[in-house]
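Sequence plus the predicted model coming up.
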Amino acid sequence: MTFDAAIRSAPRQLAAVTLPVVGMLLVSVASATAQDVRNTPANAGNACAGDNGGITLSPGFCATVFADNVGHARHMVVAPNGVVYVNTWSGRYYANTDNAKAPDGGFLLALQDTTGSGRADKVVRFGPGVESGNAGGTGIALYNGALFAETNDRIVRYALPPRVITPTSPPDVVVSGLPLTGDHPMHPFKIDAQGGLFVDLGSATNACQHQNRIPNSPGIQPCTELETRAGIWRYDANRTGQQFSPAERFVTGLRNGEGVAFDSEGRIFATQHGRDQLRENWPALFTAEQGENEPAEELVQLERGADFGWPYCYFDLSQQKRVLAPEYGGDGKAIGPCADKRAPVAAFPAHWAPNDLALYQAQQFPAPYRGGAFIAFHGSWNRAPAPQGGYNVVFQPLADGRPSGNYVVFADGFAGASKEPGRAAHRPSGLAVGPDGALYVSDDQRGRIWRIMFRGGTAVTAIAPAPAPAAGGNASTATAGPPEGLHPDAGALAALPTPPGATPSDVALGQNIYAGGTCAGCHGSDAKGTPLGPDLTSSKWLWGDGSVQSIAKVITEGVPNPKEFRSPMPPMGGAQLSPSEVSAVADYIWALSHRSGKAR
């Protein structure tokens with residue numbers, strides 16, 4: 001199988017139905033207490049939900065909802081006794097979602113199925129919580145009888161005494177001082193058999209521009225950010241009191257490598273989030289289609305000193321090679337110094353956002369799945385106005401560290417009816433394999449965790465994709481609707497007021513520009529906000545006084561330094577709008593904020 005063939009696969013972008021599931025008892029404690037451990041029965045999880053917890057799976061597989069509503073569940077690890085440990089996060093990324101409030105208790109969870117139902121009947125929270133100024137984290141791992149977890153700017157180590165599932169003493173600090181600023185403040189990590197602690201430090205910016213995410217802003221030369229960000233750092237899990245510094249950098253040029261995993265030969269693999277906003281920031285060089293479909297997301301192999309090119313280069317999926325970034329003189333075709341940068345092992349569609357990686361080395365799944373890579377794709381926002389993608393788990397077959405076939409979508413339907421960051425029902429974020437071979441998938445939107453097993457009765461000789469999710473509303477969050485779906489703004493114009501000096505036609509034009517441009521990618525198609533952009537229908541203004549004139553000024557100038565959100569807004573959202581079109585969009589946003597008598 002050639003590399004060219006290995007990266008070609010047609011993505012599906014269909015909606016799915018998520019059905020209600022049986023509730024579960026949550027036992028919450030603010031501090032860790034000793035718990036007797038009962039080994040998980042050998043036949044645990046024999047019963048799968050008829051609807052697989054609202055997702056579709058490759059033939060022969062089924063799923064239970066192992067836990068639900070546990071907070072923003074990020075990465076997981078499963079102990080030899082079957083206890084699932086989860087790190088949850090409520091950093092500023094979630095500050096403006098409806099379900100932002102963190103559950104009471106600590107951000108770390110221990111989940112145990114003591115009945116063999118495939119669902120956790122024991123859920124214990126431990127570690128620091130919101131009251132201590134903590135925001136949780138992403139990274140979590142088990143090594144040498146201890147639990148390691150990311151918390152704010154550090155990685156800590158909890159001793160796990162025998163016969164308990166939660167720690168009984170405070171943690172030791174293994175590494176501190178990890179950077180928390182910029183676009184990627186999380187610190188996912190994995191630990192190898194020798195205690196090598198590999199930490200992802202994502203980039204602080206999109207492309208190391210002088211003005212982050214602002215059109216036509218050139219890249220900083222050289223990109224000094226690479227000294228402390230955009231790479232994998234290696235520490236020693238056997239030591240405490242280590243301090244972050246540039247000296248421990250293991251690889252560079254990796255914009256955001258959230259998923260890290262080791263294969264049976266000791267090779268280290270990671271995922272790579274490709275950069276955003278080619279079209280929005282460089283409209284003279286890239287078409288809308290190129291902005292939607294480039295650059296690729298990546299699976300890479302890590303070796304000390306490797307350079308994967310960010311911010312100077314990105315991997316162009318259609319050309320299957322690294323090309324020079326426009327911030328550094330590229331035009332989408334020039335290669336220049338990128339010829340010497342490390343190529344990916346495999347590549348995937350743009351803006352799907354790979355958040356975790358698991359290399360399957362258990363025996364429960366059929367032989368074609370053993371040794372391959374499962375990748376959790378969190379879902380996109382930067383494909384607007386085209387349909388968003390991702391919100392799934394794919395399987396990439398591997399042999400001797402290289403692709404041995406095309407990837408397939410292994411699990412789908414997580415998003416439900418809306419593939420948008422702020423409206424998706426669920427967003428895959430973490431993966432873990434249990435001692436019995438079960439694959440766990442976490443969701444950081446509403447805190448659901450699935451447990452997937454193979455239950456097929458016949459021999460499987462090849463991998464196969466999951467069936468397409470059923471179209472229609474998401475039963476967990478919406479009532480049934482017509483087969484063509486419900487547009488969130490259907491009929492809204494009749495209820496929208498008209499700003500002074502404008503006409504209903506101006507408001508209608510603004511609505512069409514909003515829906516067909518880049519605005520919905522950050523603010524949502526319903527304009528009620530996402531983790532990337534504020535609610536435009538609420539009673540709060542972050543900039544200006546709420547007049548049409550002040551709204552138009554913000555649209556025209558952009559927001560280079562946000563007050564409450566992690567990413568800047570480029571002028572006109574990165575679109576090319578005439579003054580009359582800017583005015584129409586301002587009229588529409590004003591009308592949204594004054595609907596039903598709202599005063600702002």
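Sure thing, it's come through.

Going by C-alpha atoms from here, please, whenever you check contacts or count neighbours.
Noted.

Can you tell me the SS state at residue 507?
Secondary structure, DSSP: H, G, I helix; E, B strand; the rest coil: residue 507 is helix.

That one contacts residue 581, correct?
No - in this structure, residue 507 is not within contact of residue 581 by CA atoms under 8 Å, at 10.4 Å.

who's more crowded, those two?
Taking other CA atoms under 10 Å, residue 507 and residue 581 do not tie; residue 507 has more neighbours (26 against 18).

Just give the closest residue to the more buried one, not the sequence neighbours.
Nearest in space to residue 507, with sequence neighbours left out and distances taken as CA to CA, 6 or more residues apart in numbering, is residue 588 at 4.7 Å.

residue contacts, that neighbour?
If a contact means CA atoms under 8 Å, 6 or more residues apart in numbering, then residue 588 has 506, 507, 508, 510, 511 as its contacts.

quick one: pLDDT of the third one?
The predicted structure scores residue 508 at 67 on the pLDDT scale.

re the thing from before, so which of the contacts of residue 588 comes closest to residue 431?
Comparing the contacts of residue 588 against residue 431 with CA to CA places residue 511 closest, at 39.3 Å.

before we move on, the earlier item: assign a three-state SS to the residue nearest to residue 507, would you?
Recorded secondary structure, residue 588: helix (three-state DSSP).

what does residue 289 give?
Following three-state DSSP, we place residue 289 in the helix state.

give me the number of residues near it?
Residues contacting residue 289 under the criterion other CA under 10 Å number 11.

can you check residue 132 too?
8.

got a pLDDT number for it?
Model confidence at residue 132, given as pLDDT, is 82.

Okay, it and residue 105: tell me how far apart.
Look at residue 132 and residue 105: by CA to CA, to the nearest Å, they are 11 Å apart.

One more: residue 533?
As for residue 533, its distance to residue 105 is 28 Å (criterion: CA to CA).

mind checking how far the spatially most central residue of the chain is from residue 452?
Of all residues in the chain, the one closest to the mean position by CA atoms, centre = their mean is residue 378, 3.4 Å from it. Distance, residue 378 to residue 452, using CA to CA: 18 Å.

next one: residue 391
17 Å.

More neighbours: those two, which one.
Legend: neighbour count by other CA under 10 Å for residue 391 and residue 452, higher for residue 391 (31 against 25).

Does the more buried one touch residue 423 like I think?
No - counting by CA under 8 Å, residue 423 is not a contact partner of residue 391; they are 11.9 Å apart.

give me the element the residue located most distally from the centre of the chain is part of.
Centroid-distance maximum for the chain: residue 501 at 43.1 Å, with CA atoms, centre = their mean. Taking DSSP states H and E as the definition, residue 501 sits outside all helices and strands.

Backbone dihedrals for it, both of them.
Phi and psi for residue 501, reported as degrees, to the nearest 10, are phi 90, psi 0.

What confidence value was assigned to it?
Predicted confidence (pLDDT) at residue 501: the value is 84.

So for residue 537, what's the pLDDT?
Residue 537 is assigned a predicted lDDT (pLDDT) of 78.

before we move on, what about residue 490?
Per-residue pLDDT puts residue 490 at 28.

pLDDT weak spots in the stretch 351-500 of the chain?
Within the stretch 351-500 of the chain, the stretches with pLDDT under 70 are 471-495.

I figured residue 330 was touching residue 337, is that so?
No - judged on CA under 8 Å, residue 330 makes no contact with residue 337 at a distance of 10.7 Å.

Between the two, which contacts overlap?
residue 324.

out of those two, which sits in the more crowded spot?
Of the pair residue 330 and residue 337, residue 330 is the one with more neighbours under other CA under 10 Å, namely 16 against 13.

Next, the contact list for the residue lying closest to the more buried one once chain neighbours are set aside, please.
Leaving aside its sequence neighbours, residue 330 sits nearest to residue 324 (CA to CA, 6+ apart; 4.5 Å). The neighbours of residue 324, taking CA under 8 Å, 6+ apart as the test, are 312, 313, 314, 330, 331, 332, 333, 334, 335, 336, 337, 338.

From those, list the buried ones, please.
312, 313, 314, 330, 331, 332, 334, 335, 338 (16 or more other CA atoms under 10 Å).

quick one: residue 496 from residue 585, how far?
Remark: distance between residue 496 and residue 585 (CA to CA) = 13 Å.

could you pull out the strands for the stretch 401-550 of the chain?
402-403, 408-412, 428-433, 439-443, 449-454 (DSSP state E, counting those that start in this stretch).

Find the one among those with the highest mean neighbour count.
Stretch with highest mean neighbour count among the strands of the stretch 401-550 of the chain: strand 428-433 (a mean of 29; mean count of other CA atoms under 10 Å).

With only the CA atoms kept, save it in PDB.
Extracted C-alpha coordinates of strand 428-433, given in PDB (Å, rounded to 0.1, in the frame of the first residue of the first chain):
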ATOM      1  CA  PRO A 428     -15.000  12.800  21.000                       C
ATOM      2  CA  SER A 429     -12.000  13.800  23.000                       C
ATOM      3  CA  GLY A 430     -10.200  10.900  24.600                       C
ATOM      4  CA  LEU A 431      -9.500   7.200  23.900                       C
ATOM      5  CA  ALA A 432      -8.300   4.400  26.200                       C
ATOM      6  CA  VAL A 433      -8.000   0.600  25.900                       C
END
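
centre of the chain versus that strand, how much separation?
How far strand 428-433 lies from its chain's middle: 11 Å, per CA atoms, centre = their mean, to the nearest Å.

And that strand, what does it pack against?
Using 3 or more CA pairs under 8 Å, 6 or more residues apart in numbering; DSSP states H and E, the elements in contact with strand 428-433 are strand 73-78, strand 354-359, strand 373-377, strand 439-443.

So in that sheet, which strands flank the last one, and in what orientation?
Spelled out, it's strand 439-443. On the basis of DSSP bridges, the sheet neighbours of strand 439-443 come out as strand 428-433 (antiparallel), strand 449-454 (antiparallel).

mind giving me TSV with those strands and columns for distance to residue 220?
As requested, those are exported to TSV (distance: least, CA to CA, whole Å):
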stretch	distance to residue 220
strand 428-433	31
strand 449-454	41
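
For residue 367, find the nearest of those strands.
strand 449-454 (11.4 Å).

That closest one vs strand 73-78, what angle?
Relative orientation of strand 449-454 and strand 73-78, computed by axes from the mean of the first three to the mean of the last three CA atoms, to 10 degrees: 50 degrees.
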